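[1] sequence and predicted structure, then a few things I'm wondering about:
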Amino acid sequence: MALSAGLTLAGGMFKSFTAGAETLASDPMAANEKEFRMGVIGPAELSLATSQIAVSKATNKNVKEFAGFELGEAIAVIGVLKDLGTSVPPMDAKAKATLEKIKSTPAGLEFDKVYIKVQLENHEFLRDFWLKIISVKENWPARPKIRAGTWPLYRWPFLKSTWPSPAVF
């Protein structure tokens, strides 16, 4: 159900982005929109790579299910961004180190913890990046009023309140 909701959201994003794609070049906000796409595609690629590993390597059923949701989300987001002409930059040193840590951690509780920690850090980065983008008035003339840390999607209270409690695993 969550996967279908994510794909529906991604489809809606795709329609809204592509509706004005023809006029993007003449839009004064085009550079900001490109900056946004470029800022999202790298973390989405890292999420894709780590989640592809986690769907087979995770041992906790909740972590395995979460990895499947993240994999579906990453595929959808990357698909939309590539359809918009966003090029994938090479992984930076931190992303390469993160991916290597995921690859080298053996399956089990430790892997599950490492994967969830990586996903939490990735989502916190994306939250902070989004807040930076919308904080610039010129970027979004009708930007929503959002305070840092108020989006339940990115707060992950179940992780922060129980981490590293065995109840999560």
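    Good, I have the coordinates.

[2] neighbours of the closest residue to Ala54 other than its chain neighbours, how many?
    Among residues not flanking Ala54 along the chain, Ala67 sits closest, at 3.6 Å (CB to CB, 6 or more residues apart in numbering). From N, CA and C alone the C-beta is placed, and that goes for glycine too. For Ala67, the neighbour count with other CB atoms under 10 Å is 25.

[3] quick one: Ala67 and Ser47 touch, right?
    No - in this structure Ala67 lies outside contact range of Ser47 using CB atoms under 8 Å: 9.8 Å.

[4] what helix or strand does the residue nearest to Ala54 sit in?
    Under the criterion of DSSP states H and E, Ala67 resides in helix 61-83.

[5] again, but for Tyr115
    helix 109-135.

[6] that helix vs helix 61-83, what angle?
    40 degrees (axes from the mean of the first three to the mean of the last three CA atoms, to 10 degrees).

[7] I'd like to know which elements helix 109-135 is packed against.
    helix 30-57, helix 61-83, helix 93-104, helix 152-155 (3 or more CB pairs under 8 Å, 6 or more residues apart in numbering; DSSP states H and E).

[8] redo the ones you listed as a markdown table? Include mean pLDDT and distance to Lys132.
    Shown next, in a markdown table, are those (pLDDT from 0 to 100; distance: least, CB to CB, whole Å):
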| stretch | mean pLDDT | distance to Lys132 |
| --- | --- | --- |
| helix 30-57 | 91 | 9 |
| helix 61-83 | 95 | 18 |
| helix 93-104 | 97 | 18 |
| helix 152-155 | 43 | 14 |
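
[9] nearest to Asp112, of those?
    The closest of the helices and strands packed on helix 109-135 to Asp112 is helix 61-83. By CB to CB, the value is 4.4 Å.

[10] check which residues of that closest one are buried.
    Residues 63-64, 66-78, 80-81 are the ones in helix 61-83 that count as buried (16 or more other CB atoms under 10 Å).

[11] over to stretch 41-59?
    Those would be 41-55, 57-58, for stretch 41-59 by 16+ other CB under 10 Å.
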